[in-house]
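Asks: Please work out how this folds:
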Amino acid sequence: MPIELRCPNGHRLRVADESAGKQARCPVCQAIVQVPVPADDEADSPAPAEEPTSQPEPTAPEDRAGRKRKRARKAARRARRLGLKIVGWGLLLNALGVIANIAAAALIIGSVTALIAAGLMRKEEDEPGALGGVITVVVFLGVGLAVLAPILGAVGKVLCCWVPRAAMGRGLVMTSIGCDVAQFVVPIVAVLVGVSTAFVEKGKVAWGSLYLQLFLNIFAICLWLTAILMFLAFLNRVALFVDEEGYAEDAQNLMKWAVFIGVTPIAMVLLLLIPFCGSCFSFILSLALLVVAVLFVISYLRLLFGLRSVVS
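Replies: Numbers count the residues shown, from 1 in each chain. Got it, this is the predicted structure:
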């Protein structure tokens with residue numbers, strides 16, 4: 001059966017089917033035309049033999065090194081996420097420790113105030129009622145929270161040691177932990193000095209004992225201030241590590257407030273040594289200290305919960 005086709009110039013050609021797959025010349029314009037193969041012939045024609053697949057070339061050393069680097073980066077990202085998640089739990093425990101401290105102080109102060117008020121209003125012949133039992137329970141609850149608070153804070157700071165090394169904050173939080181441990185030793189030494197009879201002579205307490213206790217109290221305040229400053233610096237590093245500049249700036253502002261809170265009690269004690277106007281200035285400083293302390297605690301809790309939501 002003849003095959004019909006057209007040349008590039010549009011002239012109709014008719015060639016024999018034996019010319020399928022070959023070239024033909026247009027009789028009008030002498031153009032060379034490729035004769036197509038009919039569909040039936042293509043189906044009958046044997047499929048070309050597949051070329052044997054070549055064996056994969058051996059992996060180059062640089063490819064193996066690249067895969068190792070990729071696996072190392074993935075492992076580093078997993079370790080970073082895990083470390084930040086542990087830090088998030090540490091921040092949560094620190095926040096709960098602060099809340100427990102506030103609750104303990106409120107319960108103890110409130111119960112003692114209620115006990116004093118009840119004692120003033122009660123007559124001598126009245127028997128202590130149920131109010132005394134309730135106040136006792138509340139006091140014990142407050143003491144329990146006061147004991148639990150530093151434990152939560154210490155465990156939280158230990159968990160914060162899992163911060164990624166790139167944040168450069170592990171040394172700061174470890175310094176804060178060391179200062180917290182020293183804070184428990186200094187009050188014990190102060191109590192031992194206070195009850196010691198080595199400084200008591202002829203019924204009078206030597207001035208050396210008073211000066212030593214004053215020094216220990218000031219030293220305890222300095223330890224607290226160092227601990228909180230180191231931990232705030234740690235929070236600043238963590239905030240910068242997760243690209244939260246707002247929280248980093250909040251941590252820097254809280255460091256300034258912490259310095260004021262730590263220095264003010266020392267200034268109050270020194271002002272009491274000034275006659276006449278010293279007590280007045282000390283009272284004004286105590287009011288300012290109370291306001292700044294409340295604002296500090298609120299901002300500190302907001303920073304802890306905010307950073308915890310980011311790193312977790």
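
Asks: how about V189, what does it touch?
Replies: L216 (CB atoms under 8 Å, 6 or more residues apart in numbering). Yep, even glycine has a C-beta here, placed from its N, CA and C like the rest.

Asks: That one belongs to a helix, doesn't it?
Replies: Yes: counting by DSSP: H, G, I helix; E, B strand; the rest coil, V189 falls inside a helix.

Asks: and the gap between it and I221?
Replies: For V189, the distance to I221 (CB to CB, to the nearest Å) stands at 15 Å.

Asks: mind listing the strands for the stretch 151-300 of the chain?
Replies: 200-201, 204-205 (DSSP state E, counting those that start in this stretch).

Asks: tell me the contacts of the residue nearest to A79 when sequence neighbours are not counted?
Replies: Distances taken as CB to CB, 6 or more residues apart in numbering place P164 nearest to A79, at 7.2 Å, with adjacent residues excluded. Residues in contact with P164 (CB under 8 Å, 6+ apart) are A79, R80, G83, L84, F241.

Asks: Now a PyMOL select for only the buried ones of the residues you listed.
Replies: Under the burial definition 16 or more other CB atoms under 10 Å, those of the contacts of P164 that qualify are selected in PyMOL by:
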select buried, resi 80+83+84+241
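
Asks: out of the contacts of P164, which one sits closest to I99?
Replies: Lowest distance from I99 to the contacts of P164 (CB to CB) belongs to L84, with 22.7 Å.

Asks: Grab the nearest non-local neighbour of the closest one.
Replies: V311 (4.2 Å).

Asks: from memory the one you found sits against G88, does it?
Replies: Yes: the pair V311 / G88 is scored as a contact, 4.5 Å apart, by CB atoms under 8 Å.

Asks: Now list whatever residues contact both of the two.
Replies: In contact with both V311 and G88: no residue, using CB under 8 Å, 6+ apart.

Asks: Give the buried residues for stretch 12-20.
Replies: Neighbour-count burial for stretch 12-20 flags L13, V15 (criterion: 16+ other CB under 10 Å).

Asks: Flag the shaky bits of the stretch 51-200 of the chain, pLDDT-wise.
Replies: 51-62, 118-132, 193-200 (pLDDT under 70).

Asks: In three-state terms, label V28 for me.
Replies: Relying on three-state DSSP, one would call V28 coil.

Asks: Disregarding flanking residues, what is the spatial nearest neighbour of it?
Replies: Closest to V28 by CB to CB, 6+ apart is H11, at 4.5 Å.

Asks: which residues touch the one you found?
Replies: Residues in contact with H11, defined by CB under 8 Å, 6+ apart, are C26, P27, V28, C29, A31.

Asks: and these, which two are the farthest apart?
Replies: Spanning the widest gap among these are P27 and A31, at 10.0 Å by CB to CB.

Asks: Compare these two (neighbour count), which wins?
Replies: Between P27 and A31, A31 has the larger neighbour count (other CB atoms under 10 Å), namely 14 against 10.

Asks: Okay, the more buried one and P2: tell me how far apart.
Replies: 19 Å.

Asks: ditto for I116
Replies: Distance from I116 to P2, by CB to CB: 123 Å.

Asks: R170 too?
Replies: 89 Å.

Asks: Which one's more surrounded, those two?
Replies: Per other CB under 10 Å, whichever of R170 and P2 has more neighbours is R170, with 17 against 10.

Asks: Next up, the contacts around that one.
Replies: C161, V163.

Asks: State the pLDDT value of the residue nearest to L84.
Replies: V311 carries a pLDDT score of 91 in this model.

Asks: which residues touch it?
Replies: V311 touches L84, K85, V87, G88, L91, V238, V242, counting by CB under 8 Å, 6+ apart.

Asks: okay, now the domains of the chain?
Replies: As assigned by automatic domain parsing, the chain contains the domains 3-42, 76-162, 168-312.

Asks: ok now the first one, how far from the chain's centre?
Replies: In terms of CA atoms, centre = their mean, to the nearest Å, the gap separating the centre of domain 3-42 from the centre of its chain is 79 Å.

Asks: for that domain, which positions count as buried?
Replies: By neighbour count with 16+ other CB under 10 Å, domain 3-42 contains the buried residues I3, L5, C7, L13, V15, A24, C26, V33, V35.

Asks: Pull up the gap between the fifth one and R67, please.
Replies: Taken as CB to CB, the spacing of V15 relative to R67 amounts to 59 Å.

Asks: What of the first one?
Replies: Relative to R67, I3 is positioned 56 Å away (criterion: CB to CB).
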